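**Student:** Need coordinates for the following:
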Amino acid sequence: FEQLRQTMASMAATAPTVFPVVCLFAGVLLCYAQLGVLLWRDAYAHDGLDAEFKDGFGSIGRSALSLFVLSTTENFPFVMYPALEANALGALLFFVSFVLVVVYVIVNMVLAAFYEAWKREHELVAERETVRRYHGLIAAYRCLLGAESEEGLPEAAWDAFASKLLPRASADDRRLAFELLGPDATTRRVALADFVVRCPSVL
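**Tutor:** Have a look, this model is predicted:
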């Protein structure tokens, strides 16, 4: 459920970015729906049509539904046949322009907006997780130093820590891991920056 909660939270966070594009899609759809009612109400009113297309442009709501289905190309090109019989040129201009504008431009804009917002939200989640991990490593470093006033993690403190964290590791393995942390050649102590950056890969 935690994964589902994070997914739903990410979707909710993308809403402000996606909303303007969805409004654009709805606005264009309603404009074409109104125009479709004015142009093709009578062409879709006769009884010889299938139930799917009969009165397909009889009202704004029914017209918007027909065009919404057309935006998925589910009913293309069958939805335009009654209009073609009434006015071939007008039908071609209306339906082809709708497919070009909505299907190939606006729908792709909606998908792109969703993708960019989703990607940005996941990047923020990854950044927060990285910051949380670094804070944990810094706290661990401070705990390992204890009351020592000298800056830098000594090998003895690392060895005690690694022996508890990795009980199966040998003394040589723990010593090699300490060397991978990049201790200072003179003091043999590991600086905070080196510990935070290298500790996750060493362990």
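**Student:** any idea of the mean pLDDT in stretch 153-163?
**Tutor:** Averaged across stretch 153-163, pLDDT comes to 86.
**Student:** same deal with stretch 50-70?
**Tutor:** Mean pLDDT, stretch 50-70: 87.
**Student:** just how off-centre is that stretch within its chain?
**Tutor:** The chain centroid and the centroid of stretch 50-70 are separated by 32 Å under C-alpha atoms, centre = their mean, to the nearest Å.
**Student:** For that stretch, list every residue counted as buried.
**Tutor:** Neighbour-count burial for stretch 50-70, counted by 16 or more other C-beta atoms under 10 Å, picks out Phe53, Gly56, Phe57, Gly58, Arg62, Ser63, Ala64, Ser66, Leu67, Leu70. The C-beta positions use only the backbone N, C-alpha and C, and glycine is treated the same way.
**Student:** Which two of those have the greatest separation?
**Tutor:** Gly58 and Leu70 (15.8 Å; C-beta to C-beta).
**Student:** all strands of this structure, in order?
**Tutor:** Along the chain, counting by DSSP state E, strands occupy 153-154, 189-190.
**Student:** got JSON lines for the buried residues of stretch 50-70, with distance to Arg128 too?
**Tutor:** As requested, those are exported to JSON lines (distance: C-beta to C-beta, whole Å):
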{"residue": "Phe53", "distance to Arg128": "51"}
{"residue": "Gly56", "distance to Arg128": "49"}
{"residue": "Phe57", "distance to Arg128": "50"}
{"residue": "Gly58", "distance to Arg128": "52"}
{"residue": "Arg62", "distance to Arg128": "47"}
{"residue": "Ser63", "distance to Arg128": "46"}
{"residue": "Ala64", "distance to Arg128": "41"}
{"residue": "Ser66", "distance to Arg128": "45"}
{"residue": "Leu67", "distance to Arg128": "42"}
{"residue": "Leu70", "distance to Arg128": "42"}
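**Student:** that older thread, go through the strands of the chain and name the closest to Asn87.
**Tutor:** Of all the strands of the chain, it is strand 189-190 that lies closest to Asn87, at 80.5 Å by C-beta to C-beta.
**Student:** Partner strands of the closest one and their direction?
**Tutor:** Strand 189-190 pairs in its sheet with strand 153-154 (antiparallel), by DSSP bridges.
**Student:** contacting residues around the strand it pairs with?
**Tutor:** With contact meaning C-beta atoms under 8 Å, 6 or more residues apart in numbering, strand 153-154 is reached by Tyr141, Leu144, Leu145, Glu148, Leu181, Arg188, Arg189, Val190, Phe195.
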